[in-house]
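Engineer: Predicted model follows, preceded by the sequence.
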Amino acid sequence: MGGLEVVAQRVASGLAARGHRVEVLTSASPGRVGRTVEDGVVVRRMRVANWFERRGIPFPIFGPSLLRHAWAAVRRADVVHVHDMLYVSSWVAALLCRLTRTPYVVTQHVGMVEHPSRVVRLVQWLVLRTVGTLVLTGAARVLPISPVIEQWTLSKLPRTRTQVLRNGVERTRFRPPRPGEKEELRRLLGLPQDEVLVLYVGRFVPKKGYDVVSRAIGEAYRLVFVGGDRPADVPESEHRLYLGALDPDVTADAYRACDVFVCASVGEGPMTPMEALLCGEAVVVNADPAMRALGLGDGVVELEVTPDALRDLLTDLARDPVALDTLRARGQEVARTIPTWNAHLDVLEAVLEEVAGGGG
């Protein structure tokens with residue numbers, strides 16, 4: 001799934017491995033409704049309607065079962081960990097925590113997403129001004145994933161108790177290719193051997209910049225997309241290759257198989273640029289404040305991403321191997337500073353134990 005889901009899975013399984021009893025309530029993808037135990041974590045997936053997904057908006061609508069399962073789970077918990085404040089499940093969990101006086105923390109993954117739809121921007125504003133405010137102000141601690149998101153949160157709700165907690169990255173999975181490995185991975189993934197490959201990883205939605213990247217086709221390189229099949233409204237082109245939705249291990253292989261990674265997201269700081277750096281790719285990111293907050297500095301190229309500007313930059317990199325190698329080397333220097341999941345969990349575990357013990 002997306003970055004938020006990956007973070008939630010890593011946190012839950014990591015805390016369970018440290019001896020904590022962890023239970024996850026989440027929405028279900030088709031065919032996965034019910035209760036399972038995964039990596040020591042009890043996972044309850046609930047049926048939802050995804051009407052808004054057709055418009056590129058991840059906002060599942062839960063049925064009444066959410067209230068029943070959340071009530072039982074909150075009453076069992078010493079502390080509740082909510083991921084973001086924009087979703088119905090977050091609202092219900094926070095409300096039940098306040099009713100039962102169960103302490104909770106919120107990981108704030110995004111600020112206000114600059115969505116192209118005025119309706120979506122209006123809904124986000126209304127959520128922040130109403131139930132979102134209740135979720136954040138009632139939290140014992142809000143954990144923004146970057147200083148920029150912290151500043152945004154405090155600018156809207158100055159009394160919120162915040163502590164920046166950057167996401168970690170799994171270094172055993174995300175690593176540079178070994179000698180000869182890139183060629184082998186290209187063969188396994190069905191990718192051309194002797195071309196410059198530019199990778200996009202993410203959902204095919206506006207806030208991820210998919211529409212911009214997909215229009216930036218050029219003669220000097222090929223675009224490779226991970227995240228789903230080619231959308232029906234995107235014309236076929238030999239310069240676009242779609243690998244579908246891949247599991248994390250194969251996605252890491254795709255990073256290692258390609259030369260350049262592009263992240264054109266708006267209003268968020270996703271994990272994908274960090275994963276790409278760790279896998280040895282040259283990285284281009286959108287010149288967006290939330291992206292800059294990842295702290296990747298000179299390890300990436302910042303660009304006001306438009307189809308034409310991106311095409312020009314990628315063409316220059318594809319035709320100048322020295323410039324491409326230089327950017328890749330700068331990225332490797334920055335990659336050494338990216339926190340691990342163990343470092344992330346050390347901080348989170350201390351916060352949760354303090355909050356659960358009444359330390360707020």
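Structural biologist: Nice, thanks for sending it over. Model, not experiment: these values are computed from the prediction.
Engineer: So what are the structural domains in the protein, by residue number?
Structural biologist: Domains of the chain are assigned by automatic domain parsing as 3-168+340-356, 181-335.
Engineer: Return the most buried member of those.
Structural biologist: domain 181-335 (a mean of 19; mean count of other Cβ atoms under 10 Å). C-beta here means a position set from N, CA and C on the backbone, and glycine is covered the same way.
Engineer: Distance from the chain centre to that domain, please.
Structural biologist: The chain centre lies 15 Å from the centre of domain 181-335; the measure is Cα atoms, centre = their mean, to the nearest Å.
Engineer: So what would you say the end-to-end distance of it is?
Structural biologist: Chord length of domain 181-335, first to last residue, is 20 Å (Cα to Cα, to the nearest Å).
Engineer: Show me where the stretch 151-300 of the chain has its helices.
Structural biologist: Across the stretch 151-300 of the chain, reading from the start of the chain, the helices by DSSP state H, counting those that start in this stretch fall at 181-189, 210-214, 248-257, 272-278, 289-292.
Engineer: Comparing those helices by mean pLDDT, which bottoms out?
Structural biologist: Here the helices of the stretch 151-300 of the chain differ in mean pLDDT, and the lowest is helix 289-292 at a mean of 76.
Engineer: returning to what we had before: who wins for proximity to R21 among the helices of the stretch 151-300 of the chain?
Structural biologist: Using Cβ to Cβ as the measure, helix 248-257 is the one of the helices of the stretch 151-300 of the chain that comes nearest R21, at 24.8 Å.
Engineer: What helices and strands are in contact with the closest one?
Structural biologist: Helix 248-257 is packed against helix 181-189, strand 197-201, strand 222-226, helix 272-278, with contacts defined by 3 or more Cβ pairs under 8 Å, 6 or more residues apart in numbering; DSSP states H and E.
Engineer: Let me have those in JSON lines, extended by distance to V334.
Structural biologist: Formatted as JSON lines, the entries for these read as follows, by distance: least, Cβ to Cβ, whole Å:
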{"stretch": "helix 181-189", "distance to V334": "21"}
{"stretch": "strand 197-201", "distance to V334": "18"}
{"stretch": "strand 222-226", "distance to V334": "22"}
{"stretch": "helix 272-278", "distance to V334": "6"}
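Engineer: Quick one: closest of the ones you listed to V92.
Structural biologist: Evaluated over the helices and strands packed on helix 248-257, closeness to V92 peaks at helix 272-278, with 29.4 Å, by Cβ to Cβ.
Engineer: about what we covered before: for T162, find the nearest of the helices and strands packed on helix 248-257.
Structural biologist: Taking Cβ to Cβ as the criterion, T162 comes closest to helix 272-278 out of the helices and strands packed on helix 248-257, the separation being 21.6 Å.
Engineer: got a list of contacts for the closest one?
Structural biologist: Under the criterion Cβ atoms under 8 Å, 6 or more residues apart in numbering, residues 3, 167, 169, 171, 174-176, 199, 201-202, 251-252, 255, 261, 263, 283, 285, 291, 294, 296, 299-300, 331-332, 334-335, 338 lie in contact with helix 272-278.
Engineer: Where does V351 sit: helix, strand or coil?
Structural biologist: Using DSSP: H, G, I helix; E, B strand; the rest coil, the structure places V351 in helix.
Engineer: ok, for it, nearest residue in space, not its chain neighbours?
Structural biologist: In space, V351 comes closest to R141 once its chain neighbours are excluded; the distance is 5.7 Å by Cβ to Cβ, 6 or more residues apart in numbering.
Engineer: In the chain, where is pLDDT below threshold?
Structural biologist: In the predicted model of the chain, residues 1-2, 52-57, 111-123, 359-360 satisfy pLDDT under 70.
Engineer: switch to 80 and redo it
Structural biologist: By pLDDT under 80, the low-scoring segments of the chain are 1-3, 29-31, 50-59, 110-130, 148, 267-269, 289-290, 292-295, 358-360.
Engineer: quick one: contacts of stretch 25-33?
Structural biologist: Counting by Cβ under 8 Å, 6+ apart, the neighbours of stretch 25-33 from elsewhere in the structure are 1, 5, 8, 34, 43-48, 60, 62, 66, 69-70, 73, 89, 93.
Engineer: what sits up against stretch 285-296?
Structural biologist: For stretch 285-296, the external contacting residues (Cβ under 8 Å, 6+ apart) are 110-111, 146-149, 166, 209, 262-269, 273-274, 277, 283, 300-305, 334, 337.
Engineer: redo that, cut-off 6 Å
Structural biologist: 146-148, 263-264, 266-269, 273, 300, 302-305, 334 (Cβ atoms under 6 Å, 6 or more residues apart in numbering).
Engineer: One more: stretch 312-331?
Structural biologist: When contacts are defined by Cβ under 6 Å, 6+ apart, stretch 312-331 is touched by residues 196, 198, 218, 220-221, 277, 282-283, 298-299, 303.
Engineer: Just send those back as JSON lines, with distance to P321 too.
Structural biologist: Formatted as JSON lines, the contacts of stretch 312-331 follow (distance: Cβ to Cβ, whole Å):
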{"residue": "V196", "distance to P321": "9"}
{"residue": "V198", "distance to P321": "15"}
{"residue": "G218", "distance to P321": "16"}
{"residue": "A220", "distance to P321": "12"}
{"residue": "Y221", "distance to P321": "12"}
{"residue": "L277", "distance to P321": "19"}
{"residue": "A282", "distance to P321": "11"}
{"residue": "V283", "distance to P321": "17"}
{"residue": "D298", "distance to P321": "20"}
{"residue": "G299", "distance to P321": "19"}
{"residue": "L303", "distance to P321": "20"}
